[in-house]
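Visitor: here is my input, please return the structure:
(one chain, ligands or ions: 1)
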Amino acid sequence: MKRKLLIIEDDEQIVEAVSLAFQIRWREAEIISTRYGKKGVELVASEQPDVVVLDLGLPDTSGFDVLREIRRFSDVPIIIVTVRAEEADIIKGLEWGADDYIIKPFRQMELVARIKAQTRRPGQTEQEELASGPLHLNSTTGQLIRDNKKIDLTVTESKILGHLMRNAGHVVTHSSIAEAVWGDDYPAAAETLRVHIRRLREKIERDPSNPEFVVTRPGVGYLLSSQ
Ligand code: CA
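Guide: All right, here's what the predicted structure looks like:
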């Protein structure tokens, strides 16, 4: 099936690098790009892309505003690509509705793997219902139920939690999670996971600062405590 990728990015070298990586690895992809945020929002509406790669520093508007605008009418997966490595920015991006983020400079294949991970849609994978204690996850739709409460997870969060649930009670390493989520381990995976886990805890834990489900094993990985 043909996939459409929209790149909202003013650095032509990045647009070229991403396009090239896609032409080599994912021939069937159609790539559209713009250097302007406002135009990017219009293109999401008119072109209905399957995934959006969004830069935060754009000439006409902030990438955060673009993100907010897009989220008003679309739940398309959005991956932020940015030089801003500060955790506060990353958290803000995820809170405002981005599905993933990647910090420049990045390896082309890492980006391709992560974009591909975001475009695996329901129907392509086997339906799977996971349960652990009070957590019930449909790993295909990303819908989680905890104590009769519905919680919506992003694609990435659902993959991370699904992997932890399949291994409940056992420590899961950073690289094992990275492989389950992005199909590949890469140097910054542990850092990236830390932010996603923090966001995941805010959604699923009763007290995110004192997690009862997703427990950190410093320097190793995470563990979903078996209830
Ligand atoms: Ca830029």
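Visitor: can you pull out the helices in the protein?
Guide: 12-25, 37-47, 63-71, 87-95, 108-118, 155-166, 174-182, 189-204 (DSSP state H).
Visitor: where among the ones you listed is average confidence lowest?
Guide: Lowest mean pLDDT within those: helix 108-118, a mean of 80.
Visitor: same for that one, what does it pack against?
Guide: When contacts are defined as 3 or more CB pairs under 8 Å, 6 or more residues apart in numbering; DSSP states H and E, helix 108-118 sits against helix 12-25, strand 51-55, strand 78-82, strand 100-103, helix 155-166, helix 174-182. Just so you know, the C-beta spots here come from the backbone N, C-alpha and C atoms, and that holds for glycine as well.
Visitor: tabulate the helices of the chain (TSV), appending mean neighbour count and distance to E212.
Guide: Formatted as TSV, the helices of the chain follow (neighbours: other CB atoms under 10 Å; distance: least, CB to CB, whole Å):
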stretch	mean neighbour count	distance to E212
helix 12-25	15	40
helix 37-47	18	38
helix 63-71	20	30
helix 87-95	17	22
helix 108-118	20	28
helix 155-166	22	13
helix 174-182	20	19
helix 189-204	18	10
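Visitor: L144: neighbour count?
Guide: L144 has 24 neighbours, counted by other CB atoms under 10 Å.
Visitor: tell me the contacts of the closest residue in space to it that isn't next to it in sequence?
Guide: Distance criterion CB to CB, 6 or more residues apart in numbering; nearest residue to L144, sequence neighbours excluded, is I151 at 4.4 Å. Contact analysis of I151 by CB atoms under 8 Å, 6 or more residues apart in numbering lists 143-145, 203-204.
Visitor: any idea how far the closest residue to the ion within the chain is from V83?
Guide: The nearest approach of the chain to the ion comes at G57, 3.7 Å away (CB to the ion). G57 sits at a distance of 7 Å from V83 (criterion: CB to CB, to the nearest Å).
Visitor: repeat that for Q108.
Guide: The spacing between Q108 and V83, counted by CB to CB, is 16 Å.
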